[in-house]
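1. 3D model of this:
(chains A, B, C and D)
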2 protein chains.
Amino acid sequence: MKVLVCDDEQLIREVIKEYLKRENYEVVEANNGYDALEIVKKENIDMIIMDIMMPKMDGYEAVRKIKKEKDIPVLMLSARAEEYDKLLGFELGIDDYMTKPFSPKELIARLKAITKRTEKNESQYTFEGLVLDDTAHEVTIDGKKVNLTPKEYELLKYLIENKNIALSREQLLTNVWGYDFYGDDRTVDTHVKTLRNNLGKYRKYITTIRKIGYKFEYKNENE
Amino acid sequence: MKVLVCDDEQLIREVIKEYLKRENYEVVEANNGYDALEIVKKENIDMIIMDIMMPKMDGYEAVRKIKKEKDIPVLMLSARAEEYDKLLGFELGIDDYMTKPFSPKELIARLKAITKRTEKNESQYTFEGLVLDDTAHEVTIDGKKVNLTPKEYELLKYLIENKNIALSREQLLTNVWGYDFYGDDRTVDTHVKTLRNNLGKYRKYITTIRKIGYKFEYKNENE
DNA sequence: CAGAATTGTGAGAAAATCATGAAAAAAGAA
DNA sequence: TTCTTTTTTCATGATTTTCTCACAATTCTG
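-> So this is what the prediction gives:
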């Protein structure tokens, strides 16, 4: 479990880092939103603790940009309790919120709660009649099983796990094919084609993002 | 008999635990659905007593996730009788239901009833004409006994116990052969082959999951 | 609208994966 | 031990999947 701690106060970062290490979390630090974004792009971060008040780019902005890249759970920190309202109204998928000063114990507890909540427990994804059940390793359309090739399945799963995020061909290749794939970009296109064909009427969920790649687009009225 | 008691109220858990211990049940506690799920994954739980009303993940959700992992009998608890309807309509295989407050005596009685009911079924799995009777350590096809080798039997049993779950070759090896098996992955294939041959027309239940392994696929219209 | 850039698609070669049979190795029974 | 059964390994061919490429269709730009 690698946690990114983003706060402009070094002392705060140090304290959090100490406690996280004691719980066997790996910790990466960033003292501003820009660095945080860069780190998220490069490293495999599992969770983010982000301060709201930071110079230049605040926590909201940072999270908004990060969420465009990857869907990583975020716990927000704030000095003032009043900001809670603002946070609630915030459209981003923030997983939890704490006001400073906080007890380290509580921080750990909340982190663990997030971990459990977001862990790959979610093995069944449903989008109207389209269901991907990862436990059964099966995709069904209106209850009828669809035969996908392994690559098609993995591709769909990755798209769904990162739904509503535009994924570049390169991203798809490294994450679905593996970092060691040195083939043609357009291979993705071919697989998207066959996948779409297999999804029948639900092909609409896979949208093309011109000049970039693809996206699984599904807006739930609750989210 | 190991029973998992899942309720957010410690007092309730304590009471149930006391009565169960008196009846020589082993008791494991969880105060929320997440913990329950984790425990089920790790420990060999024979039965679950689950409260419906819990913070974060309610009993329904917890049971749904647990049933995906393992087919363990569940007795549900609820503070309100009105929820009974909801429960009846609930598609999960819940074995019994009680409303709070309940007499511990009744709880034990119901548990024992479940034990009886499921013990019978647990040692005997039926899929149309294919029957595996673990007590007799025997597999029959349309009433006729099939001679399986020990490995074939264990493999079939494991597949059936985890029916509708895609099992990797590695998973099969560690769980059927043992964690200390350091042989070829493909050994599984050979045994699946002989097992399929022995299952005759019911070979169809064992499906190949390309790039993964195998799965015992049997969809019951009630589940 | 023409031309350029980009994506969609069909076909086929290459590669990966699985089912199977055979045979060696190991385990168990007599 | 010797014989039998079971388990494992391995090579082969069959099948499926993956990938590339060429061309068609579409979208964008000026």
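
2. can we go C-alpha only for contacts and neighbour counts from here?
-> Will do.

3. Stretch A:163-174: end-to-end distance?
-> The straight-line separation of the ends of stretch A:163-174 (C-alpha to C-alpha, to the nearest Å) is 17 Å.

4. quick check: mean pLDDT across that stretch?
-> Taken as a whole, stretch A:163-174 has a mean pLDDT of 95.

5. chain center to that stretch: distance?
-> Remark: stretch A:163-174 is offset 12 Å from the chain centroid, using C-alpha atoms, centre = their mean, to the nearest Å.

6. Contacts for it next, please.
-> Contacts with stretch A:163-174, where a contact means C-alpha atoms under 8 Å, 6 or more residues apart in numbering or on different chains, come from A:68-70, A:155, A:158-159, A:179-181, A:185-186, A:188, A:209, A:212-219.

7. so A:Gly143 makes contact with A:Gly129?
-> Yes. Contact status for A:Gly143 versus A:Gly129: in contact at 7.2 Å, counting by C-alpha atoms under 8 Å.

8. If you count surrounding residues, which of those two has more?
-> Neighbours were counted for A:Gly143 and for A:Gly129 using other C-alpha atoms under 10 Å in any protein chain shown; A:Gly129 has more, 13 against 10.

9. How about the secondary structure of the most centrally placed residue in chain A?
-> Ranked by distance to the mean C-alpha position of chain A (C-alpha atoms, centre = their mean), the top residue is A:Asp71 at 1.1 Å. Under DSSP: H, G, I helix; E, B strand; the rest coil, A:Asp71 falls in the coil class.

10. Torsion angles phi and psi at it?
-> Note on A:Asp71: backbone dihedrals following degrees, to the nearest 10 are phi -90, psi 80.

11. With adjacent residues omitted, what lies nearest to it?
-> A:Asn162 (6.4 Å; C-alpha to C-alpha, 6 or more residues apart in numbering or on different chains).

12. Ok, A:Asp180 next?
-> A:Thr174 (7.4 Å).

13. May I ask you to confirm that the one you found belongs to a helix?
-> Yes. Counting by three-state DSSP, A:Thr174 falls inside a helix.

14. and the next element down the chain from the helix or strand containing A:Lys21?
-> Secondary structure from DSSP states H and E places A:Lys21 in helix A:10-22. The helix or strand immediately downstream of helix A:10-22 is strand A:26-30, counting by DSSP H and E.

15. residues in contact with that next one?
-> Contacts of strand A:26-30 (C-alpha under 8 Å, 6+ apart): A:1-8, A:13, A:17, A:20-21, A:36.

16. Just give me the closest of those residues to A:Asp134.
-> Comparing the contacts of strand A:26-30 against A:Asp134 with C-alpha to C-alpha places A:Met1 closest, at 22.1 Å.

17. where's the nearest residue to that closest one once chain neighbours are set aside relative to DNA strand C, distance?
-> Computed as C-alpha to C-alpha, 6+ apart, the closest residue to A:Met1 that is not its neighbour in sequence is A:Tyr25, at 5.4 Å. Going from A:Tyr25 to DNA strand C by C-alpha to the nearest atom of the strand, to the nearest Å gives 33 Å.

18. which residues sit in contact with A:Tyr25?
-> The contact partners of A:Tyr25, by C-alpha under 8 Å, 6+ apart, come to A:Met1, A:Lys2, A:Val3.

19. Look up how far DNA strand D lies from it.
-> From A:Tyr25 to DNA strand D the distance is 34 Å (C-alpha to the nearest atom of the strand).

20. what's the answer for A:Asp46, then?
-> Separation of A:Asp46 from DNA strand D (C-alpha to the nearest atom of the strand) stands at 27 Å.

21. was I right about that residue contacting A:Met1?
-> Yes. Contact status for A:Asp46 versus A:Met1: in contact at 5.9 Å, counting by C-alpha under 8 Å.

22. Just want to know which of these two has more residues nearby.
-> More neighbours surround A:Asp46 than the other of A:Asp46 and A:Met1, with 16 against 12 (other C-alpha under 10 Å).

23. Show the model's pLDDT score for the nearest residue to that one once chain neighbours are set aside.
-> Closest residue to A:Asp46 apart from its sequence neighbours, by C-alpha to C-alpha, 6+ apart: A:Lys2 at 5.2 Å. Here, the pLDDT recorded for A:Lys2 equals 91.

24. contacting residues for A:Lys2?
-> The contact partners of A:Lys2, by C-alpha under 8 Å, 6+ apart, come to A:Tyr25, A:Glu26, A:Val27, A:Val28, A:Asn44, A:Ile45, A:Asp46, A:Met47.

25. So among these, where is pLDDT lowest?
-> A:Asn44 (87).

26. Tell me which of the contacts of A:Tyr25 fall in strands.
-> Using DSSP state E, the members of the contacts of A:Tyr25 that fall within strands are A:Lys2, A:Val3.

27. Outline the domain layout of chain A.
-> Structural domains assigned to chain A are A:2-118, A:124-216, following automatic domain parsing.

28. averaging pLDDT over each of those domains, which comes out lowest?
-> Here the lowest mean pLDDT among these goes to domain A:2-118, at a mean of 81.

29. so where do the helices sit in chain A?
-> A:10-22, A:33-42, A:59-69, A:83-89, A:104-118, A:150-161, A:169-172, A:187-199 (DSSP state H).

30. quick one: which of the ones you listed is nearest B:Asp134?
-> helix A:150-161 (34.2 Å).

31. how far away is A:Lys144 from A:Leu130?
-> For A:Lys144, the distance to A:Leu130 equals 9 Å [C-alpha to C-alpha].

32. In the sheet, which residues pair with the most far-flung residue of chain A relative to its centre? Tell me.
-> Taking C-alpha atoms, centre = their mean, the residue of chain A most remote from its mean C-alpha position is A:Lys144, at 29.4 Å. Beta-bridge pairing of A:Lys144 under DSSP bridges involves A:Ile141.

33. before we move on, back to that, can you redo the contacts of A:Tyr25 as a markdown table, where the extra columns are distance to DNA strand D?
-> As requested, the contacts of A:Tyr25 are exported to a markdown table (distance: C-alpha to the nearest atom of the strand, whole Å):
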| residue | distance to DNA strand D |
| --- | --- |
| A:Met1 | 29 |
| A:Lys2 | 29 |
| A:Val3 | 32 |
